[in-house]
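Novice: Could you work out the structure for the sequence below:
(one chain, ligands or ions: 1)
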Amino acid sequence: MNYKIAAIAGDGIGPEIVAEARKVLDKAGEKFGFTLDYTDVLMGGASIDVHGVPLTDEAIEICKKSDAVLMGSIGGNTSTSPWYKLEPSKRPEAGLLALRKALNLFANLRPAVLYEQLKGACPLRDEIIGDGFDMMIMRELTGGLYFGERKTVEENGVKKAYDSLTYDENEIRRIAKRGFDIAMKRNKKVTSVDKANVLDSSRLWRQVVEEVAKDYPEVTYEHMLVDNCAMQLVRDPKQFDVILTENMFGDILSDEASMVTGSIGMLASASLNETKFGLYEPSHGSAPDIAGQDIANPIATILSAAMLLRFSLDQDKAADAIEAAVKKVLEDGYRTIDIMSEGKTQVGTKKMGDLIAERIS
Ligand code: NAD
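Specialist: Numbers count the residues shown, from 1 in each chain. Got it, this is the predicted structure:
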């Protein structure tokens, strides 16, 4: 089996971490009998420097013709980089927004996993953490408040701003189905998060989620109000498997969930469309402050590559092997500087990639 992967290294630490993810993917391919052909694609600052724009039509076409997109991160130092002197539509981030739109990536997945070996990084107390937690935040990415009509007007000398939050039932249904499908690959529990005591959009959300749930009798599901969910994430994060929610609630809850893991360099993410196609990238940014020093943690990107195998290529065994190799490396005491603690062995970006690749079996 051969797959086509569009590889967007991006800016800052992007090229360093994508190189390690490719190394690990290739090793997984060797072990599990598939090959990956990469096409390098420029996006963000790297594309501005060459083409004057953060994303070209050719770049979009290459991504569309691929089985999946693996990405590092884009953007530079927002105070000092000349990219941020350009008008907003020409800046690095505009490339990513345009690509998400062109590829119709409506479902964003962010796992928040606390590894037993990194418990020290979690800001929560030991009795709350137990032996760690593993949840997936599933956020709707192309609807809701961030894409609704908005305007600012002045009435009788007083400024007034409007943002509208709309969802239609089809938008809710497709993300809900995705959420239940993902739960079937995990621990078969969905917590659907809304504000149905106040918002009409949430009441429709709840109704459609209940309809979709009927097709997944093996999955247990519950509804939770967003304010309660924000509390439960720090009170008892172990209760969650898949958290399914709309755009703005997901934006806030996914950052909260990632902070309770305490390790930004460990957090993967995926954005999917209605087919198997997806874009996979770490949750963190391009970390220009540490770029080119071989100290960035490549694990978030490597775990994103594992998600690529699982969700776009159906290579679940290879994905499991990568995740197990990451755990093994942590158990063996290797750490990049961002997750370093006393008594452990500090390694650089490349070495971490080598150590994980070696442990794939
Ligand atoms: P950041 O995530 O890049 O960095 C925040 C801090 O975390 C920095 O101290 C950095 O050194 C550290 N860090 C991040 N990733 C790390 C890793 N893998 N290993 C070790 N340390 C790591 O956030 P920022 O500084 O706010 O943003 C920098 C640039 O990234 C900006 O241009 C921003 O717009 C962009 N950004 C891009 C994306 C994306 O491409 N999806 C997401 C977020 C931010």
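
Novice: Pick out the residue closest to the middle of this protein.
Specialist: Geometric centre of the chain, nearest residue: Ser269, 1.7 Å, by C-alpha atoms, centre = their mean.

Novice: Now do the same contact list for it.
Specialist: Asn108, Leu109, Arg110, Pro111, Tyr280, Glu281, Pro282, Ser283, Ser304, Met307 (C-beta atoms under 8 Å, 6 or more residues apart in numbering). Where C-beta positions appear, they are placed from N, C-alpha and C, glycine not excepted.

Novice: my read is it is in a strand, agree?
Specialist: Yes. Under DSSP: H, G, I helix; E, B strand; the rest coil, Ser269 falls within a strand.

Novice: Among the contacts of Ser269, which ones lie close to the ligand?
Specialist: Near the ligand, judged by C-beta under 6 Å from any ligand atom, the entries from the contacts of Ser269 are Glu281.

Novice: can I get the contacts of Ser269 in TSV with secondary structure and pLDDT?
Specialist: Below are the contacts of Ser269 laid out as TSV (DSSP: H, G, I helix; E, B strand; the rest coil; pLDDT from 0 to 100):
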residue	secondary structure	pLDDT
Asn108	strand	96
Leu109	strand	96
Arg110	strand	94
Pro111	strand	94
Tyr280	strand	98
Glu281	strand	97
Pro282	strand	96
Ser283	coil	92
Ser304	helix	98
Met307	helix	97
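
Novice: buried subset of the contacts of Ser269?
Specialist: Asn108, Leu109, Arg110, Pro111, Tyr280, Glu281, Pro282, Ser283, Ser304, Met307 (16 or more other C-beta atoms under 10 Å).

Novice: tell me the contacts of Gly250?
Specialist: Gly250 touches Asn108, Ile137, Met138, Arg139, Glu140, Leu141, counting by C-beta under 8 Å, 6+ apart.

Novice: That one: which element?
Specialist: helix 247-261 (DSSP states H and E).

Novice: Give the rounded mean pLDDT of that helix.
Specialist: Mean pLDDT, computed over helix 247-261, is 92.

Novice: likewise stretch 335-355?
Specialist: 95.

Novice: Residues in contact with it: which ones?
Specialist: Against stretch 335-355 from outside (C-beta under 8 Å, 6+ apart): 13, 16-17, 19-21, 23-24, 118, 120-121, 263-266, 294-299, 302, 329, 332-334.

Novice: same thing but 10 Å
Specialist: Residues outside stretch 335-355 that contact it (C-beta atoms under 10 Å, 6 or more residues apart in numbering) are 13, 16-17, 19-24, 27, 115, 117-118, 120-121, 262-266, 284, 287, 290, 293-299, 301-302, 325-326, 328-330, 332-334.

Novice: what about it, how long is it end to end?
Specialist: 11 Å (C-alpha to C-alpha, to the nearest Å).

Novice: Over to stretch 185-197?
Specialist: 31 Å.

Novice: For the stretch 201-350 of the chain, which residue gets nearest to the ligand?
Specialist: Closest residue of the stretch 201-350 of the chain to the ligand, C-beta to the nearest ligand atom: Gly285 (2.5 Å).

Novice: and that residue, how far is that from Asn77?
Specialist: 10 Å (C-beta to C-beta, to the nearest Å).

Novice: Quick check: neighbours shared by these two?
Specialist: Contacts common to Gly285 and Asn77, judged by C-beta under 10 Å, 6+ apart, are Asp11, Gly12.

Novice: related to what we said a few turns ago, would you reformat the buried ones among the contacts of Ser269 as a markdown table and include distance to Thr35?
Specialist: A markdown table is the format used below for the buried ones among the contacts of Ser269 (distance: C-beta to C-beta, whole Å):
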| residue | distance to Thr35 |
| --- | --- |
| Asn108 | 29 |
| Leu109 | 25 |
| Arg110 | 29 |
| Pro111 | 26 |
| Tyr280 | 18 |
| Glu281 | 22 |
| Pro282 | 24 |
| Ser283 | 28 |
| Ser304 | 20 |
| Met307 | 19 |
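
Novice: Closest to Leu204 out of the residues you listed?
Specialist: Asn108 (20.2 Å; C-beta to C-beta).

Novice: related to what we said a few turns ago, and the buried ones among the contacts of Ser269, which is closest to Tyr216?
Specialist: Of the buried ones among the contacts of Ser269, the one sitting nearest to Tyr216 (C-beta to C-beta) turns out to be Leu109, at 17.2 Å.

Novice: Excluding residues flanking it in the chain, which one is nearest that closest one?
Specialist: Ala270 (4.5 Å; C-beta to C-beta, 6 or more residues apart in numbering).

Novice: Tell me what that neighbour is bridged to.
Specialist: Leu109, Tyr280 (DSSP bridges).

Novice: residues touching it, list them.
Specialist: 68, 105, 107-111, 136, 138, 182, 278-281, 304, 306-308, 310-312.

Novice: Next: Ile299.
Specialist: 17, 20-21, 24, 115, 263, 265-268, 282, 326, 329-330, 335-336, 338-339, 349, 352-353, 356.

Novice: Select from those every entry located in helices.
Specialist: Ile17, Glu20, Ala21, Val24, Val326, Val329, Leu330, Thr349, Met352, Gly353, Ile356 (DSSP state H).

Novice: Make sure the last one is actually in contact with Lys27.
Specialist: Going back to what we said before, that points to Ile356. Yes. In terms of C-beta atoms under 10 Å, Ile356 counts as a neighbour of Lys27; the distance is 8.4 Å.
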